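Visitor: What follows is a predicted structure for the sequence shown.
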Amino acid sequence: MRLPKFSLKRCFIILVIFCALLLFVINLREKEIWHNKVLVPTTHHQDHHVDKKIDNIRDNNFDHQQPKHVTTQRPQSNEVNIESKINSNNINDDTVSSDDKKVEIDRDESVHVTRPWYFTDGERYPKPARINKKTNKRLAKLTPSEDPRSDRITNQLMFVPPNYEEIRNSGRLKTILLYNGLGPWNNIKQGRTIFTSSKCPVDTCSITQNRDLAKDADLILYKDHFIPTGVPKHPTQLYMLYFLECPYHTQHIKFPDVFNWTSTYRRDSDIVAPYENWQYFDPKVTYIEQDKNYALNKTKKVAWFVSNCSARNNRLQFAQELGKYIQVDIYGACGNYKCSRSNADKCFEILDREYKFYLAFENSNCKDYITEKFFVNGLSRNILPIVMGARPEDYEMSSPLRSYIHIDEFSSAKELAEYLHLLDKNDDLYNSYFKWKGTGEFINTYFWCRVCSMLHDEESISQPKWYEDVNDWWRGQGVCTSSSWRKFQARKEVMSDD
């Protein structure tokens with residue numbers, strides 16, 4: 001019998017067809033297995049990665065995906081979506097490994113998360129901090145070196161040590177000595193009251209002003225000025241410097257290698273103590289459409305309440321220059337208009353009712369120096385603040401989106417006036433600066449709660465850092481400028497070219 005003729009071409013074609021069929025069958029089988037895993041009902045909570053949880057919630061609870069900027073009115077309830085929970089937690093995504101990005105979810109239930117405890121009517125308290133399984137360190141970023149661009153306030157507010165139950169059971173309290181006395185905190189009682197009454201997540205601390213305890217205190221806090229204790233520090237004892245005024249008006253510390261922590265309005269302080277702190281209810285919702293015309297019936301342009309006429313940043317001279325091109329009404333000792341401080345509410349009513357712009361000018365141009373002049377006199381009213389003081393990037397990180405105008409956005413007072421005239425004639429453009437209202441609130445930063453929490457962070461106190469020269473950090477080159485930051489930057493560029 002004659003064997004069929006052997007053909008390499010025919011064998012190759014048969015082999016290709018066979019491989020294609022095999023791949024098709026394998027792919028079909030994998031899809032079937034995956035499909036069955038997803039559809040099999042569960043009777044208990046299962047761990048899923050955060051991304052899968054978000055996708056599941058969107059698929060089950062929303063008719064369509066919300067846009068990045070929501071243009072509808074904010075819901076009145078305290079419930080927010082899961083992205084809010086992740087972003088407002090004390091864990092930053094860029095430090096969490098994929099194995100740690102797990103949360104619990106019941107597929108048969110809708111997931112609702114209440115606002116954190118530091119918001120008005122907030123209910124959600126933190127759980128003990130999670131630990132990175134690989135490094136055996138906490139995931140929360142609490143110190144300036146761990147997150148230099150953030151103030152880390154919410155991270156500290158949501159921090160509870162992993163072993164806090166054991167700490168509670170031990171009965172030992174961390175002692176905070178106010179070496180200069182209570183001072184501006186004269187409404188605070190010694191002992192634990194401030195921690196328990198504030199309902200701090202970590203409250204096992206006690207305040208004292210008894211200098212005899214300097215040898216054993218866990219933290220010695222110096223407000224405004226430093227006086228040596230005369231006793232040696234124990235290995236885990238911390239010294240903290242508290243300044244609320246800008247470098248021009250604070251003590252020059254003559255002693256090096258003294259302070260471990262700082263507490264100031266600066267974002268790179270260990271425990272930031274800002275004049276105000278803005279937080280969004282949901283970081284993905286930065287504006288909402290308003291049903292109010294903030295320009296309605298306002299016939300006057302720019303107002304300013306001021307009493308210090310000799311500020312080193314020449315703010316009065318800038319206001320007078322601006323007044324050459326647009327109406328600027330200056331109230332107080334430096335201007336021609338009067339409104340008594342004893343009747344401040346009436347003065348602010350005039351702002352809300354008659355003026356479109358307010359000069360929220362600080363007395364010094366220093367890094368992060370943003371006071372109540374901006375937050376209270378400006379943002380808390382229905383008026384658009386024009387700011388001078390901190391750097392433009394400082395205002396950007398500390399304020400609601402598109403809520404102010406920085407003078408350094410313009411090359412001159414004349415150019416700024418031209419833009420203000422444009423806003424004055426265009427209500428829609430003017431009102432775009434108020435769309436942040438209703439998207440968040442200025443929170444209570446619970447200073448003492450955060451101090452207590454940080455005192456229980458083993459990573460911070462077991463190997464405490466030192467400020468070799470706290471003056472260089474606080475008042476060194478580039479911290480303050482006597483001119484605008486735009487001109488300061490230009491000087492730096494010229495110097496670098498030379």
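Guide: That came in fine, so what should we check first?

Visitor: Show me the shaky parts of the chain.
Guide: Applying pLDDT under 70 to the chain picks out residues 1-9, 25-112, 488-498.

Visitor: at 80 what do you get?
Guide: 1-16, 18-113, 182-186, 487-498 (pLDDT under 80).

Visitor: Centroid-nearest residue for it?
Guide: With distances taken as C-alpha atoms, centre = their mean, the residue of the chain nearest its centroid is D151 (5.3 Å).

Visitor: who's in contact with it?
Guide: Residues near D151 by C-beta atoms under 8 Å, 6 or more residues apart in numbering: 267, 272, 274, 277, 397. Using the backbone N, CA and C atoms, a C-beta is placed for each residue, glycine as well.

Visitor: Which parts of this protein belong to which domain?
Guide: Following automatic domain parsing, one gets these domains for the chain: 77-94+112-285+442-467, 289-438.

Visitor: on that earlier part again, now the contacts of D151 as TSV including distance to V328?
Guide: Listed next are the contacts of D151 as TSV, based on distance: C-beta to C-beta, whole Å:
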residue	distance to V328
R267	31
V272	33
P274	28
N277	30
M397	28
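
Visitor: out of these, which are inside helices?
Guide: In this view, those that belong to helices under DSSP state H are M397.

Visitor: Just the closest of the contacts of D151 to L241, please.
Guide: Minimum distance to L241 across these is 13.3 Å, recorded for V272 (C-beta to C-beta).

Visitor: just checking, H406 touches L384?
Guide: No. Counting by C-beta atoms under 8 Å, H406 does not reach L384; the two are 12.0 Å apart.

Visitor: what's the closest of the domains of the chain to L15?
Guide: So among the domains of the chain, domain 77-94+112-285+442-467 is nearest, using C-beta to C-beta, at 46.1 Å.

Visitor: Quick one: residues contacting the residue nearest to G389 when sequence neighbours are not counted.
Guide: Computed as C-beta to C-beta, 6 or more residues apart in numbering, the closest residue to G389 that is not its neighbour in sequence is E362, at 3.0 Å. By C-beta under 8 Å, 6+ apart, the residues touching E362 are 311, 313, 315, 369-371, 373-374, 387-390.

Visitor: Which helix or strand contains the residue nearest to the centre of the chain?
Guide: Per DSSP states H and E: D151 is located in neither a helix nor a strand.

Visitor: roughly how far apart are it and M158?
Guide: Counting by C-beta to C-beta, to the nearest Å, the separation of D151 from M158 is 13 Å.

Visitor: Could you do K133 as well?
Guide: On the measure of C-beta to C-beta, K133 and M158 end up 20 Å apart.

Visitor: What of K284?
Guide: Separation of K284 from M158 (C-beta to C-beta): 19 Å.

Visitor: Between those two, which is the more surrounded one?
Guide: M158 (22 against 16; other C-beta atoms under 10 Å).

Visitor: And that one, how far from P116?
Guide: 6 Å.

Visitor: quick one: the strands in the stretch 201-350 of the chain?
Guide: 205-208, 219-223, 238-242, 261-263, 278-280, 300-305, 328-331 (DSSP state E, counting those that start in this stretch).

Visitor: Quickly run through the sheet partners of the fourth one, with directions.
Guide: Which is strand 261-263. strand 238-242 (parallel) (DSSP bridges).

Visitor: Tabulate the CA atom coordinates of the strand it pairs with in CSV.
Guide: Extracted in CSV, the C-alpha atoms of strand 238-242 (Å, rounded to 0.1, in the frame of the first residue of the first chain):
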residue,chain,number,x,y,z
LEU,A,238,10.7,66.1,73.8
TYR,A,239,10.9,69.9,73.7
MET,A,240,8.5,71.7,71.5
LEU,A,241,8.5,75.4,70.4
TYR,A,242,5.1,77.1,69.8
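
Visitor: can you list contacts of that strand?
Guide: 218-224, 226, 233, 253, 258-264, 270-271, 273, 451, 455, 461, 464, 470.

Visitor: Next: stretch 224-234.
Guide: Defining contact as C-beta under 8 Å, 6+ apart, one finds that stretch 224-234 is touched by 179-180, 183, 211, 214-216, 220, 239, 241-243, 245, 250-251, 253, 255, 258.

Visitor: ok, back up a step: mind giving me the PyMOL command for buried ones among the contacts of E362?
Guide: The PyMOL command for the buried members of the contacts of E362 (criterion: 16 or more other C-beta atoms under 10 Å) is given here:
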select buried, resi 311+313+315+369+370+371+373+374+387+388+389+390
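
Visitor: Redo the contacts of E362 as CSV? Include distance to R124 and secondary structure.
Guide: Shown next, in CSV, are these (distance: C-beta to C-beta, whole Å; DSSP: H, G, I helix; E, B strand; the rest coil):
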residue, distance to R124, secondary structure
A311, 43, coil
N313, 42, coil
R315, 42, helix
Y369, 33, coil
I370, 28, coil
T371, 31, coil
K373, 33, helix
F374, 29, helix
V387, 33, strand
M388, 38, strand
G389, 34, coil
A390, 32, coil
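
Visitor: ok, of the contacts of E362, which one's closest to E415?
Guide: M388 (14.8 Å).

Visitor: OK, contacts around that closest one?
Guide: 313, 315, 318, 359-362, 365, 406-407, 484.

Visitor: Return the set of residues that bridge with it.
Guide: F361.

Visitor: ok, so what distance separates it from F318?
Guide: For M388, the distance to F318 - C-beta to C-beta - is 7 Å.

Visitor: Mind listing the shared neighbours of those two?
Guide: In contact with both M388 and F318: 361, 407, using C-beta under 8 Å, 6+ apart.

Visitor: Okay, helices next: where are they in the stretch 351-498 of the chain?
Guide: In the stretch 351-498 of the chain, the segments counted as helices under DSSP state H, counting those that start in this stretch are 372-374, 392-398, 413-425, 427-431, 447-455, 458-461, 470-475, 485-497.

Visitor: Can you tell me which of the ones you listed is most buried?
Guide: helix 447-455 (a mean of 24; mean count of other C-beta atoms under 10 Å).

Visitor: Any idea how far it is from the middle of the chain?
Guide: 17 Å (C-alpha atoms, centre = their mean, to the nearest Å).

Visitor: next one: stretch 167-176
Guide: Distance, centroid of stretch 167-176 to centroid of chain: 29 Å (C-alpha atoms, centre = their mean).

Visitor: Just the residues contacting it, thanks.
Guide: Identification of contacts with stretch 167-176 by C-beta under 8 Å, 6+ apart yields 161, 192, 204-208, 213, 216-219, 221, 451-452, 455-456.

Visitor: Drop anything exposed from those residues.
Guide: Looks like these have 161, 192, 204-207, 217-219, 221, 451-452, 455-456 buried, using 16+ other C-beta under 10 Å.

Visitor: one step back: let me have the helices of the stretch 351-498 of the chain in TSV, adding distance to Y125 as columns.
Guide: Below are the helices of the stretch 351-498 of the chain laid out as TSV (distance: least, C-beta to C-beta, whole Å):
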stretch	distance to Y125
helix 372-374	29
helix 392-398	26
helix 413-425	43
helix 427-431	38
helix 447-455	11
helix 458-461	21
helix 470-475	34
helix 485-497	40
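
Visitor: Minimum distance to P126: which of the ones you listed has it?
Guide: Closest among the helices of the stretch 351-498 of the chain, using C-beta to C-beta: helix 447-455, at 9.3 Å.

Visitor: Run through the neighbouring helices and strands of that closest one.
Guide: Packing partners of helix 447-455 (3 or more C-beta pairs under 8 Å, 6 or more residues apart in numbering; DSSP states H and E): helix 153-157, strand 174-178, helix 193-197, strand 205-208, strand 219-223, strand 261-263.
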